[in-house]
Structure formats: C-alpha cells, structure tokens
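Chemist: Pasting the sequence and the predicted coordinates here, then a few questions.
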Amino acid sequence: MRKGFLTGCVLAIAAAICAAQQTPANTQAPASTVPANTPAPVGNPIPAAMAAAPPDPAAAVVPALERKIEVMIRAELAVPPQYEIAIGPRQKSDVNGYDTIAVTFLLPSQPDRKQTVNFLLSKDSSTLARLSKWDIGPDPAAMLPTSGRPMRGDPDAKVTIVNFDDLECPYCAQMNAEFFPATLDRYKGLVKFVYMDYPLVEIHPWAMHAAVNANCLAALSGTAYWNYVDYLHTHGQDVNGPDRDVAKSTAMLDKLANQEGARDNLDAAKLGACIAKQDDTKIVAEMKAGDKAGVNATPTFFVSGERWAGELEEHQVWIMIDRALKEQGIAPPGPEPSATPPPPAAKPGK
C-alpha cells in the first residue's frame, strides 16, 4: 500500500511564517487550514554575533528599494496577499558587506499577531540574504514528555514514533486509520507509537474537550484511551452532527467517554469527576513541548526524534523508520507487505 498523507490542519500564521523550513519556531495564529508545507517566511533569529545595533535614523530604506525588497520576499517566500510587510531601517551587522534590516509580517485583522524576521542587505543594496541557525544540543526525542502516555507496540522497541494528534483533524484520522496500523503490522515488535495532544482550538472547537476526555480515560486504562481515540478518528462527522452545534458535540464526547469507561469497568466516579472538571493543564503542557520541538500542524510525527509534517508517501515514512532501526543496529523487515485498512472502530460501550 502506497498512500500519500498531507498535513492539512494548521494555523494561518504558523503556516505563513513558520512552515517553510520546519524549524523550532512556532507562533499561534488565527484559524485557517492550509498545507503545512506551504513556503513562507520563517522567524529564525540570526546568530547572536550578528545581532543588530541600535538603528540609525538616517539609515531608513528608500521607498523604491523597500518596494523591491517586499516584492522579492513575497515572491520567494509565497507570503499570502492578506499579510502586510513592514521593512525597518538598515542597522549595522557583524557580517562584512551587509547591514541588517528587520522585516515584520502582520495580518491587519489580527494586529497583535505578528512576527519580525531579520534579513541581511548588502551594502550596495543588490543582495538580500537570510541566515538560520539550529540548536543541535537537545535531543528532539528527549524534549517530548512521553512518560506515562499510552502506547501501542512493543514497550521494549528501540524506535519510538511520537505523533502530535488532534482528535478533530481529518488528516489525523486518515493517519490513525491507515498508516499507523499498517506500520505496526510491518514492523512487528520493532516500533512503538505514542500520541501526544495538539488540538488546534481555533479551527476545531471540540478538539480540546476530546483531548481532555481521552486523557481522563488514559489515566485509568490505556485500552480505553485507544478505543476512544480510534472511535473519534472514524466518527468525527457523527460528533459534529448536522448542525455542528459545539454543545451537542461535547455532550456526545462525554457520553462516549463514559460508555467506554463502563465497557472497561473503570471507576465511574473518578472518570466522571475528571470529565466534569475539564482540566486541560496537561494538554497545554504537551502543546508547549510541541511548540519547542517545532510542531505547528497536525499530524506531526517524530521517528526517534526525526520530525516530519507534510506530504509524504507511506513507503517514504518507512524509509525514516528503517534508517532509525539501522542506527540501532537492527535490520529492517523485507519488502513492504500488502495491507488493508482495519474496520471502523466499535462505538464505545458496545
């Protein structure tokens, strides 16, 4: 089976400012749905040694040059037309032959949501450059708080796949129903999956509520958690309902969680109290960890720390997994098998 998956659940400024280079910068934004690999300006800071000095009032970029810079940035970084670009004055940099200019991207309808990126402009105003840096000190896998999370696969597997999931995201549903089961079947005993929460609340109104309920189940039973996750990923439209009433959706989410608890003989009082409290502290902490690791879309997954979010065929993802296995001295399995998607998840409580 060869299927391509496209990350489609992202936030507008995150996609328009952060997605082009898939770096650890992440900016929350107004709601929209665009491909996560949309080219766009990235807010990577230039190295500290290149930090700008205080601006010289006489060094303002002349209008004609300012227009040329803006046109170039819009073309090269595919900046959406609705975004405005403000170009600051030249400032001294430590790079020979170049000054620094600060370029600010903002959306007029959301003036508090903006990001400033430093560019280098040659002294003769003929070349515009942008430098990026990456911190290779922290291990990306170690930055993700996966301890205590429910998992699928062999607990002793050397390769861990961490998926940042949104229970209302249709692309996450596709990955959950097709790619992940096929991968577990192919790599029997060699990989394990952990889901972490990244509900895009601006575009998915019941995603946070669903994540809280799933975590309430997870605290009592890993099996109940996965049953709930699988069901929501295959019945998202049922939760939405014909009128897409959020109150009705959250009521259904609670009903399904309680039904799952009853089926698994969980402590009804504990589960009910947790659902009623709707404490999202843990989910918010996971989202912040995701931000630091460069997550700005769902699904985004990490194969032993190697991140990917965007369009990728199934066999290409398996190349990443094979590479991670080889690094552990483990021979990957043979040619990819044929696989069929599993049947829809059973309704909780049934």
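Modeler: Here it is on my side, so go on.

Chemist: what helix or strand is P111 on?
Modeler: Per DSSP states H and E: P111 is located in strand 110-122.

Chemist: Please name every helix or strand in contact with whichever helix or strand comes after that strand.
Modeler: Using DSSP H and E, the helix or strand that follows strand 110-122 towards the C-terminus is strand 128-129. Judged by 3 or more Cβ pairs under 8 Å, 6 or more residues apart in numbering; DSSP states H and E, strand 128-129 is in contact with helix 63-77, strand 110-122. (C-beta placed from N, C-alpha, C; glycine too.)

Chemist: one step back: which neighbours does the strand holding P111 have in its sheet, and in what orientation?
Modeler: Strand 110-122 sits in its sheet next to strand 98-107 (antiparallel), strand 128-129 (antiparallel), going by DSSP bridges.

Chemist: give the contact list for the residue nearest to L167 when sequence neighbours are not counted.
Modeler: Leaving aside its chain neighbours, L167 sits nearest to A210 (4.0 Å; criterion: Cβ to Cβ, 6 or more residues apart in numbering). A210 makes contact with 167-168, 199, 232, 239, 253, according to Cβ atoms under 8 Å, 6 or more residues apart in numbering.

Chemist: continuing past the helix or strand hosting A210, what's the next helix or strand?
Modeler: Assigned by DSSP H and E, A210 belongs to helix 207-218. Per DSSP H and E, the first helix or strand lying C-terminal to helix 207-218 is helix 222-234.

Chemist: helix or strand right after that next one?
Modeler: Defined by DSSP H and E, the subsequent element after helix 222-234 is helix 236-240.

Chemist: if we look at that following helix, which residues are touching it?
Modeler: Applying Cβ under 8 Å, 6+ apart, the contact partners of helix 236-240 are 167-168, 170, 173, 206, 210, 232, 249, 252-253.

Chemist: What are the buried residues along the next helix or strand after that helix?
Modeler: Downstream of helix 236-240, the next assigned helix or strand under DSSP H and E is helix 246-263. By neighbour count on 16 or more other Cβ atoms under 10 Å, the buried set for helix 246-263 is 249-250, 252-254, 256-261, 263.

Chemist: If I take helix 246-263 and helix 207-218, what angle do their directions form?
Modeler: For helix 246-263 against helix 207-218, the angle between stretch directions is 10 degrees (axes from the mean of the first three to the mean of the last three Cα atoms, to 10 degrees).

Chemist: Put the alpha carbons of whatever helix or strand comes next after helix 246-263 into PDB.
Modeler: Downstream of helix 246-263, the first helix or strand assigned by DSSP H and E is helix 268-277. The C-alpha trace of helix 268-277 is given here as PDB (Å, rounded to 0.1, in the frame of the first residue of the first chain):
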ATOM      1  CA  ALA A 268     -17.100   5.600  37.100                       C
ATOM      2  CA  ALA A 269     -16.800   8.200  39.900                       C
ATOM      3  CA  LYS A 270     -13.200   9.100  39.000                       C
ATOM      4  CA  LEU A 271     -13.900   9.100  35.300                       C
ATOM      5  CA  GLY A 272     -17.000  11.300  35.700                       C
ATOM      6  CA  ALA A 273     -15.200  13.800  38.000                       C
ATOM      7  CA  CYS A 274     -12.300  14.100  35.600                       C
ATOM      8  CA  ILE A 275     -14.600  14.600  32.600                       C
ATOM      9  CA  ALA A 276     -16.600  17.200  34.500                       C
ATOM     10  CA  LYS A 277     -13.500  19.100  35.600                       C
END
